[in-house]
Structure formats: structure tokens, C-alpha cells
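A.B. asks: give me a 3D structure for the following:
(2 chains)
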2 protein chains.
Amino acid sequence: MRLPIRAVTPETESAEIVGWVHEVRDLGGLAFFLIRDRTGIIQVTVPKKKVSAEVLETVRNVSRESVVRVRGQVKAIEKAPGGRELVPEYLEIVSVAESPLPLDVAEKVPAETDTRLDSRFLDARKPRVRAIFFIRSAVTCAATAFLASRGCVNITTPKVVAAATEGGTELFPIAYFEKEAFLNQSPQLYKQMMMAAGFEAVFELGPIFRAEEHNTVRHLNEATSLDVEVSFADHNDVMQLLEDLIVHVYEYVRENCAGELAELGVDLKVPAKPFPRIPYTEAIEIANKTIEEKLTFGADLSPSAERAIGDSIGQHYFIVDWPTDIRPYYAMPYPEKPEFCKAFDMMHPRMELSSGAQRIHDYDLLVERIRAKGLSPESFEFYLRTFRYGMPPHAGWGVGIERLVMTMLDLPNIREAVLFPRDRHRLTP
Amino acid sequence: MRLPIRAVTPETESAEIVGWVHEVRDLGGLAFFLIRDRTGIIQVTVPKKKVSAEVLETVRNVSRESVVRVRGQVKAIEKAPGGRELVPEYLEIVSVAESPLPLDVAEKVPAETDTRLDSRFLDARKPRVRAIFFIRSAVTCAATAFLASRGCVNITTPKVVAAATEGGTELFPIAYFEKEAFLNQSPQLYKQMMMAAGFEAVFELGPIFRAEEHNTVRHLNEATSLDVEVSFADHNDVMQLLEDLIVHVYEYVRENCAGELAELGVDLKVPAKPFPRIPYTEAIEIANKTIEEKLTFGADLSPSAERAIGDSIGQHYFIVDWPTDIRPYYAMPYPEKPEFCKAFDMMHPRMELSSGAQRIHDYDLLVERIRAKGLSPESFEFYLRTFRYGMPPHAGWGVGIERLVMTMLDLPNIREAVLFPRDRHRLTP
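C.D. replies: Numbers count the residues shown, from 1 in each chain, chains lettered A, B, ... in the order given. As a prediction, this is how the structure comes out:
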């Protein structure tokens, strides 16, 4: 019976393991392999004179990254990884790897991002890369369980849609039988419609698609969004839910992914609650102290502004009380000062992670705001009509999973946080 | 502080609730409302002579399906739902519903499926409809937690792809900048590639897209698939994982969704393990005993054949040992009888829920099978190359979430199990 490599300890008497040949060294009378599975690495030591002819023959033929099955005695040995080695009685090549490899899994030869992504199946064999995606899995599973425990209903909304969330830009068109359709940019309108449906609290974890032309280290054309919407809640309520979620996910990863964090050299600090709330006007003042191109009221925050504010705050924080004009039409203006709205961004010191707001639930005000944005209420009829039959007050947010993982693990490029990135130039593998 | 309606019991002294006006009855000196939130329904009784002028004014103006906030004394009363009623001291209309409603939420007037789906936001206010989607949420959350507990890594693979999983049919084309792309029919090739990446066990819960022309009560053009792939496993191993999952999910729903099941009148029977394994040749014999159009060896199972076999077996079961020719190219033939393969379908008595197989992991055999299907290995190069560098043996399956929910709750149409269905004719809302 096969053991995961991590489960083989110096105390194990004998073991059968299956894994990939990570490294091979032949020192004449002795051959050494490192065998890797997803749990770890073990040294297999072959004293050539002491093993069977079959084992010796297999040792001669095996190539790096082939899959092998090894059965033998476990010996404690200080210098080997995990303080133990395996001396084979049985050695079988399960699946052969061609040579040369298109990518060096043992990471002795560094590779460019594009080369790595072209051979992602080999790149993801690297323990460092694997660690990122095991942590990403922990993040999505922990977030799902957390939101369910808070009474949010897990919903699925369509990705093929007839209309854009925020007007006609940045959409990928689809030929849907005889009709034109689009890939959805965001579940925004659908999750709001589920508030009209009386679901009261929902979440969705799914793909979003944005036909943005620019190619940066923090944008993807296909990304994963975690969206939440809650009825009878305002922006403050959902900011609290969001920071609770972030802290929970950090704690979960810290407790459950110690090996992966160590592999990545990340000493994960759980952010402190409550995250500071910085009004937009104050945020641009902070940014303007250090950035060269000064921001004026009503400007979006540039990446350098985000970095300047992040450096000053030094932890996760919210930017609140945004100018109504630079937020989407569905953000609720403050009744007493309608030039500001109940919108927020949740920021990591490096970049924006999430946008949210209390939403407008009044039909007439919503139509007015859609018109003010130069959009046509007629194109939103499927959405707008849900506001005419008892739409409750509601608020929500969306957080990008790739950015969450990227900032948590201090990855330099968002492509490190997605297995098969889609960008301006990349559509394969 | 607002209470969920279910939490208001005959013992509660006073309560504030927020919800939708489900029904209104005016009996002269007394007015009755039923107020509904997602947890239940409560009767609000207004003795007109005893309440304030403000409350009376609001009572006169309120329309069905408006959102109201009510604060008052709770009284035990036998005849009311939940054995209690609320006598209002404060009554506020939070959000007005227009009259007439496009759909009767109280279900006194039945509506056609299309009418219901056109106004899904109202349809989903019906306690019966809501119950379906709360159970669907329990299913997806429980499946996620179960697979994570079994060591499966939650992965996300691209929905925008350059090549089809099984050839060029039934694809929705996308304009991806200057390139042509497609919506992915299945994560099949990508989850197999993650076996080449050494992830060993993965799952994905996400949308799949099929441009099937036919419009039936059990097909969708956009569906949700739960996909699993496991290395160093054969078809028997993953069949066991699948039946464990199904039984776990049924048990979870039975334990956690008692109110929703009661609402739907479903007495949920947890299927017994192990599910019977019926070889394909035996399955067609069973079907041929009763169906009119007899099946010959090598035929796919018609819906009537599926029903005939299901009636005979009477519970969830597997059909195993399929003819190699009618399964996808990646299904592993039995070495000793290659006309049969290690593929299976997992069946509910009503219909197929899941397809799976041990996969071919040998490069040459896979190329041969792709050619035998009349497909070109060149179009699959991004996939095929992952078989040349140490692809482990592996097996897996995909299960349709909508069909799982549909059969669990005995729904007549798959559209009942998805909030915003996409079919041949429906692209909105």
C-alpha cells in the first residue's frame, strides 16, 4: 500500500511510494534519486552491488520527471531530506518522461514567465508553485464555508448574458445560436436581483470576463470573483463581513497550510480588525504627500497613489465615502451629501482587493443615475423591473481571488495565482 | 433589532421583523397580513380601533409584495402559521411593490414555466422555489467541504479556450481580441493536465457550456459541473469516491435542510452504498425486456432505456464496462478486451447524473484513440504533450449539479434547478 511521502518518517520500517523523479545522481557504486509527490521529497539510495539486477536495470533507464513506484526499507539518515532514505527492493517505472524536459522542475535553471506558463503542467510540479495553488484551494474552500456559516446562500448566475453590467465596453461577444450574447463581466446585476427575490444574503464564487486591452501584472481577462450581497444591510455591515472574511481566511491558511507557507518563505501575518476606514478625500491627501502626479478631487486612484496610501497605512484598509461621479450607477449616494456615496474599496497595501457599496434600491433614483452615466435604462429593463416590486435595501462587494492570493503570498505577478491565465496575448494552454 | 421570522415563537414577548407582504385580508374591523422573509411566514393582525393613526394609514396603503418593517407584541394564537401573531405598534413600508404583480407569489394563480422564468425574481420568492435553491446551496457547499476533506485540491481552469474537448461540435464561439476562442464544454482536458502537474487529486465546481440545439427538460446550454480527477486511481476507486460523495450530500441535506424538504414535500431517502455495478451488456438486456425500440450492442442508451433500467434497479447505480467505441477517446480500454473500456455512468433511476472513467495515460495509445475518433492530434497538442513527461495513471468523473438537485428533489424540469436558465431560446433575464 502506497504511502504519501510526507508520511514516511525515520521510524517507518518499510514503505511503498509513488512519485516523480526530481533528481538523479550517479556516484558510481551508489545512485541517488530524489522522488517527489505532492506531499514532499524522499531520497532513494541504491547501493548498486546490493540491489537486484532488475532494480539496477531500471535505475539505468529512468529519466528525470518519470513516475516511479519504489518499495523498500526505510533508514534514518541525517543528511537526507526529512531525515530518512529508502533503499529499494522493488523499483518500477510507471510512466516515462522524455528528455530533455521543456522546463527544469528542480529549478536549477530559471525560466521566463511565458516559458513557465507554456509548460504549466511541469511548472506546477515545482513545490513552490504547487504551494501557491494548494493555498488558493484553502482560500476558496475556507471562504465558501465561512460565508455559508454566516447564512449566505451559494448561488450560480449565468456567465452568458444579453447585456453588460456597466455599459457596452470591455465585453467579449459570443455567438449564442442566432443571437449575440456576452461573457458576463460581473454577477453584480444578478446578485442584486436575488435580493429582489428575497434570498437576503447570497454569495457566488465564479469566473468573470473583462476584455481589457491592457496587459499588466495585476489584470487578467478571465478572473475569479467572490461576490456577496446582503439585504437589510448597509455599506458598514458588509465592510465588517468582508474584514471578518479576510481575517478568517488568513487565519485558516496560517493554521492549515504551514508547509506551503514555509515552502514559499511566507511568514503570514493575520491582519488586525477593524481595518482602518479612510475617507476618499483624506486618501488623496495622503497620496499627494508623496506622489508626483497630484490627484484632484474626483480622480481615480492611480497605482502609485494606491501604493503611497498603502505605505502610509501599512495594513489592509478601506477607502470610504467616494465621489458619486466616479462610482458605478448602482452606488447609493448619501442623502445629505449626494456628491458622495456609500461605496468603498478594500485595499491591501499593494493594491485594491475589493469594491463594494450600499446599492440604490429606489427605482426612480436608479433610473436617474443610469441616465446620468450616459447609459440607457431600456437596456437594463430585465434588472430595473426587479426594483419595482419590493426591492429591499441591500449592500455587497466582490473580491478578486487572484489578487487576494497574490497579496497574501506577496507574488510579483497575478499570473502566479492562476493555473492557466488568460490575457491579451495568452489563450493557451 | 430585527428577528428572522422563524425565530419569533409564541414565547417571544415583542419583536421587530422585516419582510414581504405575502397576503393581505381586510375584514372590516380587523386587517390581517402574512409577512414573509426567507425563514418563514408570520401573521400580523391589525385591530383597527386599537392601533395608532399612523399604523392605520400605512395598513391602508400597503400593497402585496411590498417590503415592510413591523414592530409589536407577539401573541400565541393557535390558528395562525407557527402558532403566533404579531400586533403592530409600528409599521413602516420600506419598499413599495407596484400593482398588479407580473406573477402571483402566493401561488393562488398557477403560471407557465416561461412566465415564471421571465419574472424569476418574483418566482423565487415562493417558499417552494426558494427551498430548491437553498438546498442547491447546501449541495454545493457540502460537496466542496467533502472533497476538500478527501484531499482534493480546489482548482479553477479557464472557461475561454482555444480548442474543444471532444472535437469541434457544440461549441459557442467567442471573439477573443483578434483570435477566435470558445466557451469550454468541460474541464476534462485541464483537470487531466493537473494530474500531469502532480496535483494527484483535484476538483472544480464551475460552469460548462454546450451549444446543443435540442431543447429538453433535462438539458441546459449553460450548466454547473462538479469535476474530479485523481491520480494513481482506477475507475473503481473514483466510483467509490463518487458514491461516497452522493451519500454524503444526501445525508447533509437530510440533516440540514429539513424545513426546505418539508416545504417541497420531499421525504429524502439516502441511497444505499455500494451502488449496484451493472455491465453495459447487461444494462441493454434489462432495457430490451421492456422498451419498444430494442438496443443493439454499441448503441447509446436512449432516455426510455435509461428509465427502463432505472425502474428495474430502483436506486442509484453504475453502468460499467462500456464499448470503447461509444466513449470519448480518453477512456482506458481493458488491456485484455480492448473493445470494452474502464468507463462508467452513474445513474439515478430517472437519468444519467455522471460520466467517468479511468483515463488513458499512455501517449501513443491516446494518439491512436484520438485518430480512431476521426480527430486530429495536432489540435490537442497543448493537452497531448503533458502525456510525454511523466503522466501518472488517473481516473475521474464529472457530475451535473442541476441533475443532481433535480433528481434529489424530483423536479419535473431541469430549469427548476437553475436560477437563470440558458437554453436554445432563453438568454434573459
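A.B. asks: all helices for chain A, in order.
C.D. replies: A:53-61, A:113-118, A:120-123, A:127-149, A:188-196, A:235-256, A:258-264, A:280-288, A:303-313, A:363-372, A:381-384, A:401-408 (DSSP state H).
A.B. asks: which positions in the stretch 151-300 of chain A make contact with chain B?
C.D. replies: Contact residues (CB under 8 Å from any CB of the partner chain) of the stretch 151-300 of chain A with chain B: A:153-163, A:172-177, A:179, A:181, A:183, A:190, A:193-194, A:196-200, A:206-207, A:209, A:211, A:213, A:221-222, A:224, A:232. Using the backbone N, CA and C atoms, a C-beta is placed for each residue, glycine as well.
A.B. asks: list the buried residues for stretch A:363-376?
C.D. replies: If you call a residue buried by 16 or more other CB atoms under 10 Å in any protein chain shown, then stretch A:363-376 has these buried ones: A:363, A:366-367, A:369-370, A:375.
A.B. asks: and what of stretch A:271-291?
C.D. replies: Residues of stretch A:271-291 classed as buried: A:271, A:275, A:278, A:280, A:283-284, A:286-287, A:291 (neighbour count, 16+ other CB under 10 Å).
A.B. asks: next: stretch A:48-55.
C.D. replies: Residues A:51, A:55 are the ones in stretch A:48-55 that count as buried (16+ other CB under 10 Å).
A.B. asks: how about stretch A:307-325?
C.D. replies: Applying a neighbour-count criterion of 16+ other CB under 10 Å, one finds A:307-310, A:313, A:316-324 buried in stretch A:307-325.
A.B. asks: start and end of it, how far apart?
C.D. replies: Taking CA to CA, to the nearest Å as the measure, stretch A:307-325 stretches 23 Å from start to finish.
A.B. asks: kindly report the same for stretch A:102-111.
C.D. replies: Stretch A:102-111 has its terminal residues 10 Å apart, counting by CA to CA.
A.B. asks: contact partners of that stretch?
C.D. replies: Under the contact criterion CB atoms under 8 Å, 6 or more residues apart in numbering or on different chains, stretch A:102-111 has outside partners A:20, A:22-23, A:64-65, A:115-116, A:118-119, A:122-123, A:125-126, A:128, B:385, B:389.
A.B. asks: at 6 Å what do you get?
C.D. replies: A:22-23, A:65, A:119, A:122-123, A:125-126 (CB atoms under 6 Å, 6 or more residues apart in numbering or on different chains).
A.B. asks: most neighbours among these, which one?
C.D. replies: For the contacts of stretch A:102-111, the largest number of neighbours (other CB atoms under 10 Å in any protein chain shown) sits with A:Leu122, at 27 neighbours.
A.B. asks: how about the nearest residue to that residue, chain neighbours excluded?
C.D. replies: For A:Leu122, ignoring the flanking residues on the chain, the nearest one in space by CB to CB, 6 or more residues apart in numbering or on different chains is A:Leu103 at 4.3 Å.
A.B. asks: point out where the stretch 101-250 of chain A drops to low pLDDT.
C.D. replies: Counting by pLDDT under 70, the stretch 101-250 of chain A has low-confidence residues at A:165-168.
A.B. asks: using JSON lines, lay out the contacts of stretch A:102-111 together with distance to A:Asp267.
C.D. replies: Below are the contacts of stretch A:102-111 laid out as JSON lines (distance: CB to CB, whole Å):
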{"residue": "A:His22", "distance to A:Asp267": "26"}
{"residue": "A:Glu23", "distance to A:Asp267": "28"}
{"residue": "A:Glu65", "distance to A:Asp267": "31"}
{"residue": "A:Ser119", "distance to A:Asp267": "30"}
{"residue": "A:Leu122", "distance to A:Asp267": "29"}
{"residue": "A:Asp123", "distance to A:Asp267": "25"}
{"residue": "A:Arg125", "distance to A:Asp267": "25"}
{"residue": "A:Lys126", "distance to A:Asp267": "21"}
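A.B. asks: what about the residue nearest to A:Leu122, how many residues close to it?
C.D. replies: 20.
A.B. asks: measure A:Arg125 to chain B for me?
C.D. replies: 5 Å (CB to the nearest CB, to the nearest Å).
A.B. asks: surely that residue touches B:Gly198?
C.D. replies: Yes: with contacts counted by CB atoms under 6 Å, A:Arg125 reaches B:Gly198, the gap being 4.6 Å.
A.B. asks: re the thing from before, the buried residues of stretch A:271-291: which two are farthest apart?
C.D. replies: A:Pro271 and A:Ile291 (24.2 Å; CB to CB).
A.B. asks: ok, A:Leu366 to A:Leu241 distance?
C.D. replies: If you measure A:Leu366 against A:Leu241 using CB to CB, to the nearest Å, the figure is 23 Å.
A.B. asks: typo on my end, it should be A:Val320
C.D. replies: A:Val320 sits at a distance of 15 Å from A:Leu241 (criterion: CB to CB).
A.B. asks: what sits against A:Phe318?
C.D. replies: Residues near A:Phe318 by CB under 6 Å, 6+ apart: A:239, A:275, A:277, A:344, A:346.
A.B. asks: make it 8 Å
C.D. replies: Listed by CB under 8 Å, 6+ apart, the contact partners of A:Phe318 are A:239, A:275-278, A:344-347.
A.B. asks: for A:Val405, same thing?
C.D. replies: By CB under 8 Å, 6+ apart, A:Val405 lies in contact with A:132, A:135-136, A:139, A:411, A:417.
A.B. asks: if I look at it, what pLDDT would I see?
C.D. replies: A:Val405 is assigned 98 on the pLDDT scale.
A.B. asks: and if you look at A:Arg60?
C.D. replies: pLDDT, the model's per-residue confidence, is 88 for A:Arg60.
A.B. asks: residues near it, how many?
C.D. replies: Per other CB under 10 Å, the neighbour tally for A:Arg60 reads 10.
A.B. asks: could you do A:Gly390 as well?
C.D. replies: Here the count is done by other CB under 10 Å, and A:Gly390 has 29 residues near it.
A.B. asks: list the contacts of it.
C.D. replies: Neighbour list for A:Gly390: A:196, B:20-21, B:65-67, B:95-97 [criterion: CB under 8 Å, 6+ apart].
A.B. asks: and the residues you listed, which is closest to B:Ala395?
C.D. replies: Closest approach between these and B:Ala395, by CB to CB: A:Ala196, at 43.7 Å.
A.B. asks: find the nearest non-adjacent residue to that closest one, please.
C.D. replies: Nearest in space to A:Ala196, with sequence neighbours left out and distances taken as CB to CB, 6+ apart, is A:Thr386 at 3.8 Å.
A.B. asks: surely the one you found and A:Met193 touch.
C.D. replies: Yes: the criterion here is CB atoms under 8 Å, and A:Thr386 meets it with A:Met193 at 4.9 Å.
A.B. asks: the two: who's more crowded?
C.D. replies: Counted by other CB under 10 Å, A:Thr386 and A:Met193 do not tie: A:Met193 has more neighbours, with 26 against 23.
A.B. asks: my read: that one touches A:Phe380, true?
C.D. replies: No: shown here, A:Met193 and A:Phe380 do not form a contact pair, counting by CB under 8 Å, at 11.2 Å.
A.B. asks: circling back to that earlier point, and for A:Arg125 and B:Gly198, which residues touch both?
C.D. replies: Both A:Arg125 and B:Gly198 are in contact with A:20, A:36, where contact means CB under 8 Å, 6+ apart.
A.B. asks: got the buried residues for stretch A:147-154?
C.D. replies: If you call a residue buried by 16+ other CB under 10 Å, then stretch A:147-154 has these buried ones: A:147-148, A:152-154.
A.B. asks: then stretch A:243-258?
C.D. replies: Judged by neighbour count using 16+ other CB under 10 Å, the buried positions of stretch A:243-258 are A:243, A:245-250, A:252-253, A:257.
A.B. asks: check contacts around the residue nearest to A:Ile5 when sequence neighbours are not counted.
C.D. replies: By the measure of CB to CB, 6+ apart, the closest residue to A:Ile5 outside its immediate chain neighbours is A:Gly40, 4.4 Å from it. Counting by CB under 8 Å, 6+ apart, A:Gly40 touches A:4-6, A:81-82.
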